[in-house]
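> A structural model of the following input is requested.
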Amino acid sequence: GNENWDRDNDLASAFRYSVVWYYQELARRVGAKKMQYWVTLARYGNRKTGGGIDQFWLQGDLRITPAQQIDFLKRLYLNQLPFSMRNLDIVKKIMVVEQGDGYMLRAKTGWAVTNSVGWYVGWMEKGNDVYFFSTCIQGGDDFNMQDFGRYRIDITRSILNELALLP
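Numbers count the residues shown, from 1 in each chain. Next up is the predicted model:
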């Protein structure tokens, strides 16, 4: 039912459209043991990958706080994660959401099925300054998924606009 999911995707398009099936297939190929190793080494959230190799971040045991998201983003920005420089550069490149005269916005959406937790995380580069953000919202039983997906981005953009970081 999602035209962006119902087609061939590569890493960049899967990232842009949060193509869950793409990431589930990658996770299955990595395998549980290697995934646990890398999540632990990267110090991502509570580092728990229980609940299924292709579900742990959606409705499994992985949990992360907004502060942990910011810490992870800072380490990504500073190239302090335990991945090759090539891979860090690829991630940073596909994170670009918007850029203009003197600014660049890099971000990623996320949605954990458990408790309907929606994320919009990233950073804004303006001149020589960097502003990290981690917007986390939680939906109720009667939320509209389409609106929910948009709100996490709208809230973040409103704040960035209020701070005069976006044109």
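> Return the residues in contact with L76.
Taking Cβ atoms under 8 Å, 6 or more residues apart in numbering as the criterion, L76 is in contact with L88, V91, K92. Glycine gets a C-beta too; all of them are placed from N, C-alpha and C.
> For my notes, please list these in TSV and give pLDDT and neighbour count for each entry.
Below are the contacts of L76 laid out as TSV (pLDDT from 0 to 100; neighbours: other Cβ atoms under 10 Å):
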residue	pLDDT	neighbour count
L88	98	18
V91	98	16
K92	98	15
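> of all these, which comes closest to Y17?
V91 (15.9 Å; Cβ to Cβ).
> in this protein, which spans are helices?
11-17, 20-30, 32-41, 66-77, 85-94, 145-162 (DSSP state H).
> Measure how the second one sits relative to helix 32-41, angle-wise.
Using axes from the mean of the first three to the mean of the last three Cα atoms, to 10 degrees, the direction of helix 20-30 lies 100 degrees away from that of helix 32-41.
> Also the fourth one?
Helix 66-77 runs at 90 degrees relative to helix 32-41, counting by the same axes, to 10 degrees.
> Spatially central residue for the chain, please.
By Cα atoms, centre = their mean, the mean C-alpha position of the chain lies nearest to K108, the distance being 3.7 Å.
> before we move on, the earlier item: turn the helices of the chain into TSV, columns for distance to F132.
Conversion of the helices of the chain to TSV gives the following (distance: least, Cβ to Cβ, whole Å):
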stretch	distance to F132
helix 11-17	18
helix 20-30	23
helix 32-41	21
helix 66-77	5
helix 85-94	14
helix 145-162	11
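> Looking at the ones you listed, spot the one closest to G1.
For the helices of the chain, distance to G1 was read as Cβ to Cβ. The smallest value, 11.1 Å, belongs to helix 145-162.
> rewinding a little: from the contacts of L76, pick the one nearest Q68.
V91 (17.4 Å).
> do you know how far that closest one is from A12?
Summarising the geometry, the distance separating V91 from A12, computed by Cβ to Cβ, to the nearest Å, is 10 Å.
> Also L78?
Going from L78 to A12 by Cβ to Cβ gives 23 Å.
> is it true that the residue nearest to the centre of the chain touches R16?
No - checked against Cβ atoms under 8 Å, the pair K108 and R16 is beyond contact range at 9.2 Å.
> Now for these two: what residues contact both?
What both K108 and R16 touch, as defined by Cβ under 8 Å, 6+ apart, is an empty set.
> Which one of the contacts of L76 is nearest to L26?
For these, the residue nearest L26 by Cβ to Cβ is V91; the value is 13.3 Å.
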